[in-house]
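In: can you look at this prediction? I've put the sequence above it.
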Amino acid sequence: MTGQAPGGALLDLAGVDVHYGDLQAIFGVSLAVAEGETVAVLGANGAGKSTLLKAITGMLPITAGDVRYDGRSLRGAPAHRRAGMGIALVPEGRRLFASLTVEENLLVGGHRARPGPWNRRSVYELFPLLRPLRKRPASVLSGGEQQAVAIGRALMSNPRLLLLDEVSLGLAPIVVKQLYAALPAITASGATVLVVEQDMHQAMAVADRVHCLLEGRTALEAPVSEVTGDQVANAYFGMLPSVVS
C-alpha cells in the first residue's frame with residue numbers, strides 16, 4: 001500500500017460498529033493514529049478494547065464505518081493480508097506455540113517478514129532475558145518471559161503498526177515495567193504503536209494520546225499532556241459525560 005493518509009494518520013477508524021451476532025460491542029468509534037505515534041486505548045474489562053483490535057486486524061468484521069490504513073480502506077481485506085501490510089498483533093494471553101522453543105516461536109513470527117530492522121539478534125538485544133532461554137519450550141516460561149516472546153514474535157514480522165493487547169495482564173508490576181521499558185526502542189525502529197490496557201498509569205506513561213472506551217463507546221480522547229489522571233479515571237469508570245479533544 002502506498003500514500004499517506006490525510007493528516008498523517010497511519011490508522012484511521014471512522015464511525016466503526018462491531019457486532020457479535022446480534023450483540024453490538026462497539027458503537028461508532030472513531031480513532032486516528034499518526035505515523036510514529038503511541039496511542040493507549042484504556043477501559044475496564046468488557047469495554048470493547050480487544051474487540052477494537054480484532055476489527056483492525058480483520059479477525060472480526062465491522063458492521064458500519066470504515067477502517068483505513070495508510071489512506072486505504074481495509075474493508076473486505078482478510079487478516080493474513082493485513083498482516084502482510086505490516087499490521088502485527090500481540091494478543092491477549094500471548095497465544096504462543098507451547099511445544100515450540102523460544103527461537104522457534106520467533107521464527108514463526110518472521111515467516112514472510114517485511115524488510116526491516118527486526119530479526120532474532122535484534123529481538124534478543126531488546127529482551128536479553130530470552131537469549132539463554134532460546135532453546136526452551138514456551139510452556140515452561142514464566143508469564144513475563146512468555147510476554148517478551150510474544151512481543152518479539154510480532155516484531156519479527158517487521159510491523160509498521162504494532163497492536164499490543166493487555167501487556168500487563170496477570171504480570172507482576174516490576175515485570176510490566178520491564179516490558180514497557182522496551183517500547184521506546186520499538187518506536188525508535190519506526191513502528192507505530194496502539195496499546196490496549198487496563199493499567200491506566202502504565203499506559204499513560206508511554207503514550208502520546210489516550211482514548212478511553214466505556215461500554216463500547218468513546219468516553220474520552222485527548223493528548224496525554226492535556227488531561228489529568230483524574231479525568232482519565234472518571235472516563236474509565238463512566239463519570240465523564242463528554243469527549244475531550
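Out: The structure has been received and is ready for your questions. Numbers count the residues shown, from 1 in each chain.

In: what secondary structure does residue 135 sit in?
Out: coil (DSSP: H, G, I helix; E, B strand; the rest coil).

In: run a quick neighbour tally on the spatially closest residue to it that is not a sequence neighbour.
Out: Once flanking residues are discounted, residue 135 sits nearest to residue 101: 5.3 Å by CB to CB, 6 or more residues apart in numbering. C-betas here are computed from N, CA, C, even on glycine. Residue 101 is flanked by 17 other residues according to other CB atoms under 10 Å.

In: show me the beta-bridge partners of residue 101.
Out: residue 137 (DSSP bridges).

In: just the pLDDT for it.
Out: Looking at residue 101, its pLDDT is 96.

In: would you say residue 174 is within a helix?
Out: Yes: Residue 174: assigned to a helix according to three-state DSSP.

In: any idea what the residue most central in space within the chain is bridged to?
Out: Per CA atoms, centre = their mean, the C-alpha nearest to the average position across the chain is that of residue 163, at 2.1 Å. When bridges are called by DSSP bridges, residue 163 pairs up with residue 89, residue 194.

In: please tell me how far it sits from residue 233.
Out: 24 Å (CB to CB, to the nearest Å).

In: strands along the protein, start to end?
Out: Listed in chain order, the strands of the chain (DSSP state E) span 9-20, 23-34, 38-42, 64-69, 72-73, 87-90, 161-165, 192-197, 209-214, 217-223.

In: out of those, nearest to residue 131?
Out: Of all the strands of the chain, it is strand 87-90 that lies closest to residue 131, at 19.8 Å by CB to CB.
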